[in-house]
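Undergrad: Just need the structure, nothing else, for what follows:
(chains A and B)
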Amino acid sequence: MEGASYQRFPKVKIRELKDDYAKFELRETDASVANALRRVMIAEVPTIAIDLVEIEVNSSVLNDEFIAHRLGLIPLTSERAMSMRFSRDCDACDGDGQCEFCSVEFHLRAKCINDQTLDVTSKDLYSSDHTVVPVDFSDTGSGFDNPEDQRGITIVKLRKGQELRLRAIARKGIGKDHAKWSPAATVTFMYEPEIHINEEMMETLSLEEKTSVVDSSPTKVFGINPHTQQVEVVDPEAYTYDDEVLKKVEAMNKPGLVEIYAKEDSFIFTVESTGAVKASQLVLNAIEVLKQKLDAVRLSEDTVEADDQFGELGAHMRGG
Amino acid sequence: MLDASQGMREVDKQSLAAPVKSAVDKFQLLPEFLKVRGLVKQHLDSFNYFVETEIRKIVRANDLVKSKNYDKVYLRYKDVWIGTPSVVHDGVTDQLTPQRCRLGEMTYSAPIFVNIEYCNGTHGLNANPQVKKNVIIGRMPVMLRSKLCVLYGKDEDELAKLGECPLDPGGYFVVKGNEKVILIQEQLSKNRIIIDTDKKGCVQASVMSSTSMTKSKTIIKMEKEKIYLILNSFTSKVPIMAVMKAMGMESDQEVVQMLGRDPQYAALLLPSIEDCATLGIYTQEQAVEFLEKKHKKNKWGKDEGALGVLRDIFIAMIQVRDNNFHLKCAYVVVMLRRMMDAILNKDAMDDKDYIGNKRLELSGQLISLLFEDLFKTMNSNIVWHIDKLLAKNSRSSKFDISQHLVKDDITIGLERSLSTGNWNVKRFKMDRKGITQIVSRLSFIAAFGAMTKISPQFEKSRKVSGPRALQPSQWGMLCPCDTPEGESCGLVKNLALMTHVTTDEEEGPIISLCTYLGVEDLSLLSGEELHSPTSYLIMLNGIILGKHRRPQLFANGMRKLRRAGKIADFVSVYVNEKQRCVYIASDGGRVCRPLVIADNGVSRIKHHHMKELKDGVRNFDSFLREGLIEYLDVNEENNALIALYEGEATSETTHIEIEPFTILGVCAGLIPFPHHNQSPRNTYQCAMGKQAMGNIAYNQLCRMDTLIYLLVYPQRPLLTTRTIELVGYDKLGAGQNATVAVMSYSGYDIEDAIVMNKSSLDRGFGRCIVMKRSAAVYQKYQNTSDQFSTPSRAPYDREKNQLLDNDGLASPGEIIRHHDIYFQKDCPTNANASFNSHPSNIGYKTIRQTYKGAEGGETAVVDRVALCTDKRGNLSVKFMIRQTRRPELGDKFSSRHGQKGVCGTIVPQEDFPFSERGICPDLIMNPHGFPSRMTVGKMIELLGSKAGVSCGKFHYGSAFGEPSGHAHKVEDISETLVKHGFCYNGKDFLYSGITGMPLQAYIFMGPIYYQKLKHMVMDKMHARGMGPRQLITRQPTEGRSKNGGLRVGEMERDCLIAYGASNLIYERLMISSDPFEVQVCRKCGLLGYENHKTKTKVCPTCKNGDKISSMKLPYACKLLFQEIQSMNIVPKLTLDES
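TA: So this is what the prediction gives:
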C-alpha cells in the first residue's frame, strides 16, 4: 500500500448560486465523495433550532407539545452555528445549556384581542441575539408575491381571547439528531449524462420519426433545430435516466442512434437550503465538517488518546 | 325569445333522437340526496315516525285506564306529544344540549306530555270528568338531529355555538353521557308466506303473523304426504282438513275447488282428506271437538277454546268478523297452493336470505316496542294501585287518580334498555341482547360505521353458509364489501350509500285506491275463482285484497299514482308472474333506493333538469315529486330493467342507476379504485378504516371520551373519491399522504413491515395524540362526604405533590409520569358517622390516585380537568391525560387497500434513496406485498396521487367511476405524469443514499394515503421479572394490566418435555412460579405441617412427626390436594429417595 496514492483533485464549477439555491458541478471524483458531501450536508452541518420551550400561557387550540414541535421546525439563521458550542459540551454553563455560548433565547407573546383570527408567526418570535432570528423569506422573492403572505411561518392561529406566551431556547445541533437541525431542504446529485447522437443515422430519419424520438423522452432532453431540422441535445441534465429514448430507438430498430452514458466521475449537485445557512455556505460548511471528520479518522489511527483532544469533533465521532 | 325557442328546439331534438343520447351526469343528485336524506336518515326517519305517529297510535290504543271494581273511576289519555329536550334541576326546567349531556353524564331526553281526562267517581269531590293538560308521564331519550332535537335544522354556525360538530350525522342517543346507537336489526318479514323446508326436508309454508294485538307463527307442513298445521297453541300438529272443517269448510269439494282445477293439487291434498275421514271428522262440530282436545289450555287471561285460537292466533293478521272464516280459509288455501307449487316444482321455494323477504327494524320501531310495554305496564300498575287504594275502607287523603301517574317507570325503563342494550319485553316474548352499541369514536368513519351497521337475526355460532353469502339482491342496498371478518362474517352487514329504509304507511287509502283500480274484493269471490287462471291475486302487506284480471295494467296504474305523488313514495308494487300475484307493500323496514325512471330506455332526467339543480332551482324532492326519480324496493326491482348507464339502455329499460359507486357503503367508499382490487382487500380496509387515527369531529378537543386518538397533522387524501367528499372525510381525514417507494431495503421490511424515514417522523409524520380519561369522585355519605384536600407543601411532600393545586387536583399543563399523584381527597374515616356528631369530630384520611403510565416511557401531560355532577349527584372530577407519540418500531400502519404492516425499522434520511429531483420517500414498502394481494388499486392510487401532486389537482378514484368521469383513467394519469417530466409508469430513477450509486432498478414511487392504526407498541409491550401473584394459587398474575407473567402453556411445556429439558420445566413451572415447602408424611402420604413454635413437624393424620419429610411442591398442587381432600378423596404422596 505504501506509496500508492489515490489522491485526486476534484474540481467544482458553480453553475448557479442564489441565497437558498446552488447548482454546481463536481468533477474528477467518484460517487463515494459526492455522496459523503451530500450526506454531511443533510445530517451533519450544524444549525441552530429551538430545542427547549417553556410555556407560560397557552390557551390556543394546539397543545403545548404541538406548538413546541412547530417551533422546533422553524429555520433560524445559523451563520454562527459553526462557531457555537454544543450545549452538551459547553463548559461555560453547568450543563443546563442556557448560556450565551451555546444557546439563544427567544420570547413569544401573542394575544388576540379583536374578532379577527390572529396568526402567530415566526415573526412574533423575539430573539435575544440579532444574528439568530427566524428565517425571513420576504427578500428571497420566491413564491410569496402577496405581502399578506410574507408574515413568516404560521405557528398557531388565535381567536379572540386566546393567548400564547412562551420562552424558547435554541441550541446548536445536527440533522442526525433531529431533522429540525438539518440545513438542507434538498440535496441531491446526479451523474452527468453523456449523450451521443449518431448524426449519420439520424439523417436517415424522417422529420416525423425525429419528433417521435424527441417526444419519447418525458423530460425535454432533445429538440429539433428549427433551421437545420436536426435533432439536438437541448438539455442533457434534464435526462432522468429513464431509458425511454433508448427504448424508443430500440423499438424503431435503430440501435446506436442515441447512446447515453453516465459519466462516472462527474456529478451535478443541486442544493436547496432551508434558509438557515446560505446554500453556498452550506456546501463550504459541509466540506469543513467532512475535513474535520477525516482528520479525526487520521488522528485516531495514530493515537487513541488524540481522540480526546478534539473535544467537539471527538464527540462528533462518538455521537455518530 | 329567440334563445328560448332555440332551447326548446334543442330539447325536442334530444327526445327525438331517442336511443342515441348523451349521458346526463346525474352525480349531482347524490349530494342533493344526502342533503335531503342524510347518511343516517333511516334512523332519523324511523325515530321521527315514532315520535310523531306511532306514539299517538300506542296511546290511543290503550287510552283508557279503568278501575276493575269501580266503574266510575277512570282515566283517559286524550293526546300525547313529546316536548323539547330538557332536564329538571331542583324544580327548575333547563334546556339541554347534546354536548352538555355528554360532558355531564346526563341523558338527552325530552318529557312526554299527555292530556288526560279523568274521573274519581264518587270518591272524589267531583263526580264529573276533570281535565288535566300537560301532564308528564316520563322522559323519552331523544335521537340527535331528529325533529325533537335542538340540533334539527340548525346551520353550521348555530351547531358550533351548541358545541356540536356539523359533520356529525346524528342518529344516536346520549344516555348517561354515553353515545348509544340502536343497531339496525335484520328480521324475516312479518305476515308473509315463506315456503321452505324443515330439517327433515319436509316442505312447509310458514307465516309470522304480527298485529298490534298478537304475534304468532303459523306453519303448514307436508309430512309423509299429509298436511298438518303447527301452531304453538296446539299441543301437537293438527291435520289441516280438520282445521278447515272447524273453520266452516265442511265439504272437501270446496277446499279442492279453491285450490284450483288442476288435478295435481287435488291429488296432493287427497291423503290429508282421507286422514281426516279416518279420524271421523266430518262436520264443524266434530272438528272443533277434535281441536279442543289438542288445545293447550291458557293458564292466564281469557280462554276462548279452540275456535278462539283459530280466530285470534291462527294467522292473526286476517281478522275474523262475525265468525265468518271465509277470508281465513282463503288464506290457508293460498298457503296450501303455494306449498304444493313448491312440492311440484322446487323452484317455487322461497329464499330466506333474499333481501326482499327481510325487514330491517330501526330505532323507532324498537323504542316503540319498549314504550308500548312500559306504557301498558304503567297503566296496569295504576289500576292495581287504585284498586288496592279504593278497597281500603278508610283513607286519610283525598283520592285522585291523576296522582297515580308515575313518570319514573317509563323514564327508567327506556334509559336502562338503551344503556344496557337489553330489550326484555315479556309482553311480546322478546328477550334480545346487544341491541345498542356505544358509538365508536375512534375515527370519524367508525362513527358512521356504527350507524349503518345491521346486526343479524341468527346467532353467530350457526355454521351455515347461506345467510353469510353475498346475495345478488343486495345490489345497491347493502354494501358488498363492508362486513367483519371471522365469526360474524357475512351476517353483520352495512347499508349502502343511497339506501333508505321505509317506515309504516297507512293502508286504508291504498285499499280504496285498489278497489278503484278494479280489484275484485275477496269476500265477493267464490271459491273457484280464487285460483282461476285468468286473474292475479292482489296482496297488500301479506293480506289478500282480491283479484284482478289485468295485473300489469293495475300495477302500472298504481305506479303512475305513486309517481304522481298520490300515494306514498315508498309503496312498492310488484307483479310476481310465477305466483300469479301482485304484491303491494307499504310496511316499514323494507330497504329501497332511488333510481332514475326511463321511458322506453330514455332517461326522464334531461340536461336542463341537472342545470336547474345546479342553479338551486330544484332539489332532490322536486325530482321525486315530478316523477323523474322513484324509490324501488328489492321486490319491485324484479319488475324493473335497470341500465347502469344511459348509453347502455335499451327500449325495455325502465330505470337507470344514478351512480354505480353508490352500491358501496361509507367505509368502502373511502377506497380509491376498489374495483381494481381483489375483493377481500376491500373488506379488510373496511374493518381497518375504523381503527385509523385522525380527526374525530370538529369538537374533538371539547369531548371527554375515555380514549381519544388524534393525528397531529392529518391530511386529506390526494386521491379522493366522491364518497369521501360526500361524507366529509376530506374535512376530517384519518391519514397522511406518504411518499412511498416500492422496493426492498435493509431486510427489516419482510412480512409487510415498512421502513420509515427518520426525518419524516421528526417533521411530524404519523405523530399522534392519545388522550385517556381518568375520573375521581367525591362520594357523599349519610351525614358526611369526601372533602377537598390541600396537599402538604412540607419539604418532604413537596416533590410528590408538585402536580397538585391547592384543591388536590392536578392542574392542566402539568407533566405527569408513572406513579405521580394527580388527585387527592379527604375521606371520612367513618363513613356512617351519625347525624349528631359534630363536624369537627369527624376524622378524615387522605386518599390519593396515581397515574399508571408506561414506566420510563414518554411522559404525559394533564390536558384538561373537568368537574361535573355524576349520575348519583356526587361531584366527579375527570382528568384528560394526553400523550404525544411519534411512530416507533412496531407501530401499525395501513394503506387504504387492506395492506397493513408494522414499522420494521427507522432509517435516517441520508441513508434513504433519493432521486435527482431531490425527492426522498417517507416510507419504503416491500414489493412482495403486491403479487399475492393483487391490490392493483393501490398502484393506481400511487400513480394518481403522483400525478395529483405534480399538477396540483386532486385526482379521483371512485368505484366504477371511469365511464362516468368520477375516476381518472390510468392513461390520462400517465399523460399528466409525462407532462410533468415523470415516467408514464410511475417509476423513478433513484440513487442509493448509502453509496451514492444508482439503484439497479427503476423504483415505483409516489404518494399513497397511509393510515396510522390504533395498535401501538407502547400500549402492548410488556415484560416482567418479579411481580404480583394471585392470591389463591400464588402463581403470577395474568395480563399486562396486572403486570402479569408470560405463561409457559401446555403446548410449550409439551415441547420442553419432548426435548427433554427437564430442568427448564422444573424452573419454569415451579421455581419461577409458585414454589412451596410442604411436609409430607411418608407413612400416610398426606400433608403435614411444621409447628413454628416448637420447630417440630407433625402429621395430623398419624398424630406424630416420625416420618415427615419436607419437599417442594407448586403451591397450586398443594391446593389441589387439599381441595380433593375436601371432597373425601385421599391423594397420597409416595416418596422415594433421590
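
Undergrad: for chain B, which helix is longest?
TA: helix B:363-391 (DSSP state H).

Undergrad: how far does it sit from the chain's center?
TA: Helix B:363-391 sits 29 Å away from the centroid of its parent chain (CA atoms, centre = their mean, to the nearest Å).

Undergrad: That one packs against which elements?
TA: helix B:41-49, helix B:55-61, strand B:64-66, strand B:73-82, strand B:130-141, strand B:178-182, helix B:408-420, strand B:423-425 (3 or more CB pairs under 8 Å, 6 or more residues apart in numbering or on different chains; DSSP states H and E). C-betas here are computed from N, CA, C, even on glycine.

Undergrad: Can you say which of those is nearest to chain A?
TA: Among the helices and strands packed on helix B:363-391, the nearest to chain A by CB to the nearest CB is strand B:178-182 (22.9 Å).

Undergrad: B:Ile924: what secondary structure?
TA: strand (DSSP: H, G, I helix; E, B strand; the rest coil).

Undergrad: Could you double-check that it lies in contact with B:Tyr748?
TA: No. Contact criterion CB atoms under 8 Å: B:Ile924 and B:Tyr748 do not qualify, at 9.6 Å.

Undergrad: Identify the residues contacting the closest residue to B:Pro908 other than its chain neighbours.
TA: Distances taken as CB to CB, 6 or more residues apart in numbering or on different chains place B:Lys758 nearest to B:Pro908, at 4.7 Å, with adjacent residues excluded. Contacts for B:Lys758 (CB atoms under 8 Å, 6 or more residues apart in numbering or on different chains) come out as A:179, B:906-909.

Undergrad: State the phi and psi torsions of B:Lys758.
TA: Dihedral pair for B:Lys758: phi -60, psi -40, per degrees, to the nearest 10.

Undergrad: From A:His178, how far off is it?
TA: Taking CB to CB, to the nearest Å as the measure, B:Lys758 falls 9 Å from A:His178.

Undergrad: about what we covered before: with neighbour count added, can I get the contacts of B:Lys758 in JSON lines?
TA: Converted to JSON lines, the contacts of B:Lys758 look like this (neighbours: other CB atoms under 10 Å in any protein chain shown):
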{"residue": "A:Ala179", "neighbour count": "23"}
{"residue": "B:Ile906", "neighbour count": "18"}
{"residue": "B:Val907", "neighbour count": "20"}
{"residue": "B:Pro908", "neighbour count": "18"}
{"residue": "B:Gln909", "neighbour count": "26"}
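
Undergrad: And these, which is closest to B:Tyr331?
TA: Looking at these and their distance to B:Tyr331, the nearest is B:Ile906, at 72.1 Å (CB to CB).

Undergrad: Mind telling me what element the closest one is part of?
TA: strand B:900-907 (DSSP states H and E).

Undergrad: mind checking pLDDT for the nearest residue to B:Lys72 once chain neighbours are set aside?
TA: Nearest residue to B:Lys72, sequence neighbours excluded (CB to CB, 6+ apart): B:Gly121, at 3.4 Å. Looking at B:Gly121, its pLDDT is 70.

Undergrad: mind listing what B:Gly121 touches?
TA: B:Gly121 makes contacts with B:67, B:70-73, B:127, as judged by CB under 8 Å, 6+ apart.

Undergrad: hmm, 6 Å instead?
TA: B:Gly121 makes contacts with B:70, B:72-73, as judged by CB atoms under 6 Å, 6 or more residues apart in numbering or on different chains.

Undergrad: Where neighbours are concerned, which of those has the most?
TA: B:Val73 (24 neighbours; other CB atoms under 10 Å in any protein chain shown).

Undergrad: surely that residue meets B:Ser67?
TA: Yes. The pair B:Val73 / B:Ser67 is scored as a contact, 4.0 Å apart, by CB atoms under 6 Å.

Undergrad: interface residues of chain B facing chain A?
TA: B:759, B:762-763, B:884, B:909-910, B:914, B:916, B:918, B:978, B:981, B:983, B:989, B:996-997 (CB under 6 Å from any CB of the partner chain).

Undergrad: Once you drop chain neighbours, what's closest to B:Leu545?
TA: Spatial nearest neighbour of B:Leu545, chain neighbours left out: B:Ile538 (4.5 Å); criterion: CB to CB, 6+ apart.

Undergrad: longest single helix anywhere in chain A?
TA: Chain A, longest helix under DSSP H: helix A:279-302.

Undergrad: Take it, keep the C-alpha atoms, and write them as CSV.
TA: Extracted as CSV, the C-alpha positions of helix A:279-302 are listed here (Å, rounded to 0.1, in the frame of the first residue of the first chain):
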residue,chain,number,x,y,z
ALA,A,279,-26.6,27.5,0.1
SER,A,280,-23.0,28.3,-0.7
GLN,A,281,-22.1,28.4,2.9
LEU,A,282,-23.8,25.1,3.4
VAL,A,283,-21.5,23.5,0.9
LEU,A,284,-18.5,25.1,2.5
ASN,A,285,-19.5,24.1,5.9
ALA,A,286,-20.1,20.6,4.8
ILE,A,287,-16.6,20.4,3.3
GLU,A,288,-15.3,21.8,6.6
VAL,A,289,-17.2,19.2,8.6
LEU,A,290,-16.1,16.5,6.3
LYS,A,291,-12.5,17.6,6.6
GLN,A,292,-12.7,17.5,10.4
LYS,A,293,-14.1,14.1,10.3
LEU,A,294,-11.4,12.9,8.1
ASP,A,295,-8.8,14.5,10.3
ALA,A,296,-10.3,12.6,13.2
VAL,A,297,-10.0,9.4,11.4
ARG,A,298,-6.4,10.0,10.5
LEU,A,299,-5.5,11.1,14.0
SER,A,300,-7.3,8.2,15.7
GLU,A,301,-5.1,5.9,13.7
ASP,A,302,-2.0,7.3,15.3
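
Undergrad: Quick one: distance of that helix to the chain centre.
TA: Counting by CA atoms, centre = their mean, helix A:279-302 comes out at 17 Å from the chain centroid.

Undergrad: Could you do stretch B:1101-1112 as well?
TA: Once both centres are worked out by CA atoms, centre = their mean, stretch B:1101-1112 turns out to sit 64 Å from its chain's centre.

Undergrad: Please identify the buried residues of it?
TA: Across stretch B:1101-1112, burial judged by 16 or more other CB atoms under 10 Å in any protein chain shown covers B:1102, B:1105, B:1108.

Undergrad: Format the CA atom coordinates belonging to that stretch as PDB.
TA: Extracted in PDB, the C-alpha atoms of stretch B:1101-1112 (Å, rounded to 0.1, in the frame of the first residue of the first chain):
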ATOM      1  CA  THR B1101     -53.400 -37.900  60.500                       C
ATOM      2  CA  CYS B1102     -50.800 -40.100  62.200                       C
ATOM      3  CA  LYS B1103     -50.700 -37.700  65.200                       C
ATOM      4  CA  ASN B1104     -46.900 -37.800  65.300                       C
ATOM      5  CA  GLY B1105     -43.900 -36.500  63.400                       C
ATOM      6  CA  ASP B1106     -41.900 -39.600  63.000                       C
ATOM      7  CA  LYS B1107     -41.800 -40.000  59.300                       C
ATOM      8  CA  ILE B1108     -42.100 -36.500  58.000                       C
ATOM      9  CA  SER B1109     -40.100 -35.300  55.000                       C
ATOM     10  CA  SER B1110     -40.100 -31.800  53.700                       C
ATOM     11  CA  MET B1111     -40.200 -31.200  50.000                       C
ATOM     12  CA  LYS B1112     -41.000 -28.600  47.400                       C
END
